[in-house]
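Okay, sequence plus prediction incoming.
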Amino acid sequence: MSVEVEVNEDDLAEMVGQVWESYLDPEGINPLIPTYDEHQPSEVHSSVSINGSWTGHLVYACSTLAARRAAAAFLAMEPDEVSEDDMSDVLGELANIVGGNVKAMLPPGALLSLPQVVLAPESSARYPNTERIGGVYGLWEDEPVSISMWHSRAENSEEDGA
Amino acid sequence: MRAMVIDDSRAMRMILKRIVTKLNFDAVEAGDGKEAIDLLADMPEVPDLALIDWNMPNMNGLEFVIHVRADPRLREMTLVMVTTESEQSQIVRALAAGAHEYVIKPFTEGAMIEKLALLGLVPTGANS
């Protein structure tokens, strides 16, 4: 059985704001500035899948520089000290944190996967039979960052009785 | 005081380690529950505190809590789940299994210190 998603873009924006406040911008001086552009470019991305009462994916995508800065913030090091492993680790954790909070807003019975990280643009990823249902798109220190939700289209069809 | 930080994310282990080190804990790290159990088996002194992620490969945080609670040698260790699993049913499961506290990611340093203070693991005023 599938259910309507109960997470809207305002909820997603609030979760993302908490991530910035906790880890990426604790001083409150470099927030994510909304662009509302779901087609903004990316160079790396990470995702977690949610399965069960709701099926879909949460995708975190950004430029390499934004990923490097995020890793530097998490690891308390300079951006030029950050390795690819560091970026991958932090990208995965960012998708995990936002995805976990999305899952918490869904009806019981959803499971969260471990994160996947790809050091390639989000546009290279394919999520078969899904559609983007919302997201937060912005610039962080002038670098693109997006967090989007994708819902299984197969589930939508079931909901429609197809 | 000793603390064990158990999370498959190195970045999250670093963040947690920074916090407990600031509170004068000696911190050790493990990347999953299995690695933590292996480390504990070799430790002459059991840590006072374990900060435990839920979703990890090999052995997840809930399985680790159940394992620790079944081992009399580890009985005194304070267990704090630090996780994105924020559904009430999951929190109840973890507490029923023997976790003492539950911190939901994302968390601020201040929020984490407050939780540890509630457990009596932080000197008064450490968060000020």
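Yes, it's here.

give me the residue from chain B nearest chain A.
Using Cβ to the nearest Cβ, the point where chain B gets nearest to chain A is B:Thr84, with a distance of 2.2 Å. From N, CA and C alone the C-beta is placed, and that goes for glycine too.

Spatially, and excluding backbone neighbours, which residue is closest to that residue.
Among residues not flanking B:Thr84 along the chain, A:Gly100 sits closest, at 2.2 Å (Cβ to Cβ, 6 or more residues apart in numbering or on different chains).

Dump stretch B:57-77 to CSV, restricted to CA.
C-alpha atoms of stretch B:57-77 as CSV (Å, rounded to 0.1, in the frame of the first residue of the first chain):
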residue,chain,number,x,y,z
PRO,B,57,26.7,-1.5,8.0
ASN,B,58,27.6,-4.8,9.6
MET,B,59,25.9,-4.1,13.0
ASN,B,60,23.5,-1.3,13.5
GLY,B,61,23.1,0.8,16.6
LEU,B,62,20.1,-1.0,18.0
GLU,B,63,21.8,-4.3,17.7
PHE,B,64,24.8,-2.8,19.5
VAL,B,65,22.7,-1.6,22.3
ILE,B,66,21.1,-5.0,22.7
HIS,B,67,24.5,-6.7,22.7
VAL,B,68,25.8,-4.3,25.3
ARG,B,69,22.9,-4.7,27.6
ALA,B,70,23.3,-8.5,27.5
ASP,B,71,26.9,-8.2,28.6
PRO,B,72,27.4,-7.7,32.4
ARG,B,73,30.8,-6.3,31.9
LEU,B,74,29.4,-3.4,29.9
ARG,B,75,26.5,-2.7,32.2
GLU,B,76,27.7,0.6,33.5
MET,B,77,28.2,2.2,30.1
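
And the helices in chain A?
Here chain A has its helices, by DSSP state H, at A:9-19, A:64-75, A:84-104, A:153-159.

tilt between the first one and helix A:84-104?
Computed with axes from the mean of the first three to the mean of the last three Cα atoms, to 10 degrees, the direction of helix A:9-19 lies at 140 degrees from that of helix A:84-104.

now helix A:9-19 against helix A:64-75, angle please.
Using the same axes, to 10 degrees: helix A:9-19 against helix A:64-75 is 60 degrees.

Average pLDDT for helix A:9-19, rounded please.
The average of the pLDDT scores along helix A:9-19 is 92.

Would you mind pulling up the elements that it packs against?
In this structure, helix A:9-19 packs against helix A:84-104, strand A:130-140, strand A:143-152, with contacts taken as 3 or more Cβ pairs under 8 Å, 6 or more residues apart in numbering or on different chains; DSSP states H and E.

At the geometric centre of the chain, which residue do we find?
Went with chain A since none was named. The geometric centre of chain A, computed from its C-alpha atoms, lies nearest to A:Tyr60 (Cα atoms, centre = their mean), at 3.0 Å.

please go with chain B instead
B:Leu51 (1.2 Å).

Within the sheet, what are the partner strands of the helix or strand hosting that one, with directions?
Applying DSSP states H and E as the criterion places B:Leu51 in strand B:49-52. Here strand B:49-52 has these sheet partners by DSSP bridges: strand B:2-6 (parallel), strand B:78-83 (parallel).

burial count for the residue in chain A that chain B sits nearest to?
As assessed by Cβ to the nearest Cβ, chain B sits closest to A:Gly100 within chain A, at 2.2 Å. Other residues within reach of A:Gly100 by the criterion other Cβ atoms under 10 Å in any protein chain shown amount to 25.

What of A:Leu65?
16.

Up against chain B, what does chain A have?
With Cβ under 8 Å from any Cβ of the partner chain as the criterion, chain A meets chain B at residues A:18-19, A:21-23, A:26, A:71, A:74-76, A:85-86, A:89-90, A:92-93, A:96-97, A:99-101, A:103-104, A:108, A:112, A:114.

can I assume A:Met123 is in contact with A:Glu43?
Slight slip there: residue A:123 is Ser, not Met. No: assessed by Cβ atoms under 8 Å, A:Ser123 is found out of contact with A:Glu43, at 10.1 Å.

Cheers, nothing more for now.
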